[in-house]
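Peer 1: Pasting the sequence and the predicted coordinates here, then a few questions.
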Amino acid sequence: MSSWNSGRIIGQKPPLKPKEVWAIQTRLQMSSAVRDLALFNLAIDSKLRACDLVAISVADVAISGRVRDRAIIIQRKTGRPVQFELTDQTREAVGAWIGRRRLGERDYLFPSRVHAKPHLSTRQYGRIVERWCRASGLIRSATARIR
């Protein structure tokens with residue numbers, strides 16, 4: 001009888017390499033995946049854990065309809081603030097996503113489609129990352145964590 005994790009990579013996943021980040025970003029831009037591009041770019045810029053990334057509110061990254069240059073998020077695990085800069089590319093993608101969904105400052109940036117849940121789950125985020133990696137042909141990176 002084999003164990004549940006037989007043949008799987010366990011523990012911390014290797015980070016994506018710059019060329020892999022570029023491959024995913026390019027694919028998302030070409031496919032006009034507005035939410036996914038905003039989610040991916042924000043993940044790269046912030047280096048936040050998935051649980052903190054999916055729980056970002058619009059007010060955390062935008063004020064009065066304008067995406068901020070910098071954001072500060074309090075990490076759930078450590079309780080410490082994390083400050084990060086949003087690149088032009090990320091600000092553009094996040095702004096497009098907020099506009100498309102007509103999100104208000106009180107809304108979560110990545111709301112769940114399931115009405116019982118307020119925002120995207122970490123499990124769903126993991127599936128999205130895996131889909132990006134598979135679509136970009138990054139077999140080794142299919143289980144990579146974006147950090």
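Peer 2: Thanks, I have it. Note that the coordinates shown come from a computational prediction; the quantities given were computed from them, not determined experimentally.

Peer 1: all contacts plus neighbour counts: C-alpha atoms, from now on.
Peer 2: OK.

Peer 1: residues in contact with the most centrally placed residue in the chain?
Peer 2: Centroid check for the chain by C-alpha atoms, centre = their mean gives Leu39 as the closest residue, at 3.5 Å. The contact partners of Leu39, by C-alpha atoms under 8 Å, 6 or more residues apart in numbering, come to 94, 110.

Peer 1: Surely it is in a strand?
Peer 2: No: read with DSSP: H, G, I helix; E, B strand; the rest coil, Leu39 is helix and lies in no strand.

Peer 1: any idea how far it lies from Arg91?
Peer 2: 11 Å (C-alpha to C-alpha, to the nearest Å).

Peer 1: just Pro81 next, same as before
Peer 2: Pro81 is 20 Å from Arg91, by C-alpha to C-alpha.

Peer 1: Give me the more crowded residue out of those two.
Peer 2: Arg91 (22 against 12; other C-alpha atoms under 10 Å).

Peer 1: Run through the residues that contact Lys19.
Peer 2: Contacts of Lys19 (C-alpha under 8 Å, 6+ apart): none.

Peer 1: So it, which state does it fall into?
Peer 2: At Lys19 the chain is in helix, as set by three-state DSSP.

Peer 1: now swap in Ala43 and tell me
Peer 2: Going by three-state DSSP: Ala43 is helix.
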